[in-house]
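Asker: fold the following.
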Amino acid sequence: MSKLYYSLIFLFCFYFSNAQNTTTFISGTVLDINTQLPLESATVYLSNVKDSTVIEFANTNKTGFFKMLTKKTDKPVFLKVSYIGYQTYVEEQKGILENKDFGKLYLLQNATALEGVVIKSEAPPIRIKKDTLEFNASSFKVRPDSNVELLLKQLPGFEIDNDGKMTVNGKEVTQFLVNGKAFFDKNGAMALKNLPAEIISKVQVSDFKTKKEELSKQETSSENSTINLTIDEKKNKGFFSKFLAGYGTDDHYESSFVMNLFNNKQKISFLASSNNINSTGFSMDEVFDSMGGGRNSNTRGGSRGGGSSKGITQSNLVGVNYTDEWFKNFDTTGSYSFSNNVTGNQSKSKQTNFLPAGNFSTESNSKIRDENTDHKINLELEYKLDPTTRIYFTPRVSQSDSNSNSTASSLSKDENEALLNESNSKSYRESNAINFGNTLNFNKIFQKKSRNLSFVLNNSNSNNHSEGQSESKTIFYQGGKPNDERNQKNNNENSTDSYSAEVEFTEPVTDSLRIRFGADFDWQNEVKDSKTLDFDINSQSYTALNPSLSNFVQSKQNSISPKLGFSFEKSKFTFNLNSSVSFITFDNRSLYMSKILDLNNQYTLPFGRAQIRYKFQRSKFITLSYDYINTLPSYSQLLPVENLANPLNTVIGNPNLKPNAKQSVTINFRNFDLRTRSGYTLFLKADYYNSEIVSISVYDASRKRNTTYDNISGTYTTSFGGNWNQSLKLGSHVLRYGLGVNTNYSLDKGFTNGVLYDAKSLGITPRVYFNYEYGELLTVTPSYNLSYSESKYSNYTTNASSNVVHRINIQTTSYFPKNWIFGNDFGYNYNSRIASGFKKDFYLWNTSLSYSFYNKNMIAKVKVYDVLNQNQSFSRTISATTIRDEENTILKRYAMFSLTYKLQDFSAMKKLPKEFRKRDK
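Answerer: Now for the predicted structure:
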């Protein structure tokens, strides 16, 4: 491995030394022609005179200065400067063969342009519009068959980690839209993996806003971003589709189909997939398709079969998405999806349990088969009654069926290997659930600027029915406790109905100060009816009601929460304060062992949030926020009713519990320089619990638990770290690299056998990543990640525990010779402190070779997963009371051959196969 890294370093040094002979610097300063003031964030770019292709670009700093490194050329080029509200500056050069300082470049405001004169030019690569960063997609070159995800990777400030999480200038992207609308869902999986890059005109990045903030035009309270993909108007009428089918060794298979139809504002998308290689979503990798763990990672929108998944899943998925404007000012988006997933898993684990007087260990084995079938319907209806009034209506319905069949065994011993307890069980369960939810937003903007009225209504209604059969035998070896044998059938009926209404009025006091006041109204009713029947030997049926395992519970919660807040906004400074007080009635009733128990509580709980944000520049700002939050205990934590479902753990509630009370402080600093294409982020978050609900366990001689709940105070969690990244472009060489670190430190408290313990935990996760691209021929992406965790305990026989995990990964993709793609993904994982009987390390190497033909509409591909046949699924989890090592079923080596067929046709570009075009004629 080390030789490989040294070879890569030598290769890059050779390339860059060679690139220095083919590149040159150009610089200058951009000013307003009238005021002579510098123009910050103006876009300066070079384009070919012949075809207007963008060669290189940069942005000016706060002094108006720019400097860019570009490839030498003896062909005519344009130097162009673009800035919102100004005419585009254009200067032609016969070529760029040496360093050149353009000096002062003056822009003329559009307001001073001659009347009737319209200046047309191509869009600049980057444009800054108020709080929106807009990228012209055609300015960033990608391969003709690239999807949207590959396009976004080319944009400055965009990063996608191994888990599929995308950040822009350090802010996580949590919403993806296509022409302002959701594409199946808002997490981006469908759009990023399935939309071709060539149909995208613009990529717009803005702060994420809730629907309420968007409708009322409020300042965002989020630290996340939204990406909106705008489809090119010339390509907004047509279709594209892709079909894939593959079959491999050990009867592994995959298949998928996607079709998108565009007709101006109407868009219809169909998709379907089926596989048994652990890909449960619909996210297709360019090189490995839906091969589980093809890139040694998890992927946005679906699980992958790398080193951390549990079991092997057979997945089937069908979906349709529809977007249209039915009539003027009435937008509609709807989607339907069907999914069926069957997962089989065998698991073994070893868990060390900490006790004040001595530890004990539990070894467990289980085998399970789960099947889940879901139907989901989502609608989004938005109607603009007039320019100031909008209604947003989002009904959603889902129905799910599931069944589970499992067997399990466990054996517990003390530190002297003396037997404590043993358990064997098997069970089968079926369930059916129906859920209906809805959100209605009404928003009215008044003539006075910033005056606004908002009304939001939510409802959620669910009904769940389940029934199952179980047999178990638990043997207690210490303390003379009788063994526990069960052969039972149980039925559960659960229903939950919740409704909420929110009204808020915003009144401007000055241009900068706004006051908000309103109220929230919430009502919830939950009913749980559980019946357990014992097997009757005489009748050979389940007819004897077991009252100790049967229970009826009804929980009602009503609240009224008046609220008050204000916002103060200046060009660079924003301050938001929100406060509310909830008056809550919490009524619980239980019917258990023929006794009725009523527990009625009333609470008055304060809530508060304050946020300060200061913008030094467009992409350089600091945010400080403070939150005070209260959460109620659940009815199961409150009701003093025994839960005997687990033979090894009897649980009873505590009616004297107080709510959780938590204070949180968060600091975020982000700085990204578009001019140098580099940036860094720093963050700090701390949570302190004035009151926290924790479990209290008392073990008997056989280590059977009796558990209840209590409040403690003084616990906390902290996390801090940062990330730095930079992109360089030297001719055909593109280099992206970065490093980061996440650190967390926490104090947990609890009670075990009546003794108060505390556990101090430390976790440090540094990482370094690197990406090199040579034109359209080669990409190389190595990365290294280390995870160190340590816990120190008091009042335990164990003083401390620690663990180190190393992860090394290198991905390579070559696109030569022509029409061939060769991809490799090699990963190494090492766990330093895994228990005996578990393998400490493994290699995972995946490879893929494909050939495109038939005008690149057909792709033949051979893939091999886990070439070395070493893939493992093991993990170590350290908590305040346990250390758990676990191993699960994992995908092993297989090979697969697949064929992909692509077909597309847009009104502005004919890319059908030749025989189709002839037929049209």
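
Asker: which secondary structure element of this protein has the lowest mean pLDDT?
Answerer: helix 914-920 (a mean of 37; mean pLDDT, DSSP states H and E).

Asker: most centrally placed residue in the chain?
Answerer: Among the residues of the chain, Lys165 comes closest to the average C-alpha position under Cα atoms, centre = their mean, at 5.7 Å.

Asker: tell me the spacing between that residue and Phe158.
Answerer: 12 Å (Cβ to Cβ, to the nearest Å). In this view, the C-beta of every residue, glycine as well, is placed from N, C-alpha and C.

Asker: could I get the full set of helices for the stretch 601-750 of the chain?
Answerer: For the stretch 601-750 of the chain, the helices defined by DSSP state H, counting those that start in this stretch occupy 635-638.

Asker: for it, which spans come out with low pLDDT?
Answerer: Across the stretch 601-750 of the chain, nothing is flagged by pLDDT under 70.

Asker: just the stretch 151-300 of the chain next, same as before
Answerer: For the stretch 151-300 of the chain, the ranges with pLDDT under 70 are 162-163, 184-189, 281-284, 292-300.

Asker: what's the burial count for Lys141?
Answerer: By other Cβ atoms under 10 Å, 12 other residues sit near Lys141.

Asker: kindly report the same for Glu92.
Answerer: By the criterion of other Cβ under 10 Å, Glu92 has 10 neighbours.

Asker: next one: Thr167
Answerer: The tally of other residues near Thr167 (other Cβ under 10 Å) stands at 20.

Asker: Asn494 too?
Answerer: Counted with other Cβ under 10 Å, Asn494 comes out at 17.

Asker: what about it, distance to His465?
Answerer: According to Cβ to Cβ, Asn494 stands 8 Å off from His465.

Asker: I figured the residue nearest to the centre of the chain hits Glu172, correct?
Answerer: Yes - under the criterion of Cβ atoms under 8 Å, Lys165 makes contact with Glu172 at 6.3 Å.

Asker: mind checking the SS state of the residue located most distally from the centre of the chain?
Answerer: Note on the chain: the largest C-alpha distance from the chain mean falls to Asn538, namely 54.8 Å (Cα atoms, centre = their mean). At Asn538, secondary structure determined by DSSP: H, G, I helix; E, B strand; the rest coil is coil.

Asker: can you offset everything so residue one is 815?
Answerer: All right, first residue 815 from here; so that's Asn1352.

Asker: now do the phi/psi pair for it.
Answerer: phi -70, psi -50 (degrees, to the nearest 10).

Asker: what's near enough to touch it?
Answerer: Taking Cβ atoms under 8 Å, 6 or more residues apart in numbering, we find Asn1352 in contact with no residue.

Asker: equivalent analysis for Asn1038, please.
Answerer: Lys985, Glu986, Val987, Thr988, Gln989, Asp1021, Phe1022.

Asker: likewise for Ser1373?
Answerer: Contacts of Ser1373 (Cβ under 8 Å, 6+ apart): Asp1334, Phe1335, Asp1336, Trp1337, Ser1396, Phe1397, Ile1398, Thr1399.

Asker: run the chain-centre distance for whatever helix or strand Arg1204 lives in.
Answerer: For Arg1204, the host element (DSSP states H and E) is strand 1203-1228. How far strand 1203-1228 lies from its chain's middle: 19 Å, per Cα atoms, centre = their mean, to the nearest Å.

Asker: note down every partner strand of the helix or strand following that strand and its orientation.
Answerer: For strand 1203-1228, the following helix or strand on the C-terminal side (DSSP H and E) is strand 1233-1259. Sheet pairing of strand 1233-1259 (DSSP bridges) gives strand 1203-1228 (antiparallel), strand 1266-1290 (antiparallel).

Asker: any chance of these in JSON lines, with mean neighbour count, distance to Asn993 and mean pLDDT too?
Answerer: JSON lines is the format used below for the strands paired with strand 1233-1259 (neighbours: other Cβ atoms under 10 Å; distance: least, Cβ to Cβ, whole Å; pLDDT from 0 to 100):
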{"stretch": "strand 1203-1228", "mean neighbour count": "16", "distance to Asn993": "17", "mean pLDDT": "96"}
{"stretch": "strand 1266-1290", "mean neighbour count": "17", "distance to Asn993": "25", "mean pLDDT": "96"}
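
Asker: nearest to Lys1142, of those?
Answerer: Among the strands paired with strand 1233-1259, the nearest to Lys1142 by Cβ to Cβ is strand 1203-1228 (13.7 Å).

Asker: tally of neighbours for Ala1232?
Answerer: If you count neighbours by other Cβ under 10 Å, Ala1232 ends up with 11.

Asker: residue contacts, it?
Answerer: Ala1232 sits next to Tyr1291, Gln1292 when contact means Cβ under 8 Å, 6+ apart.

Asker: cool, thanks, talk later.
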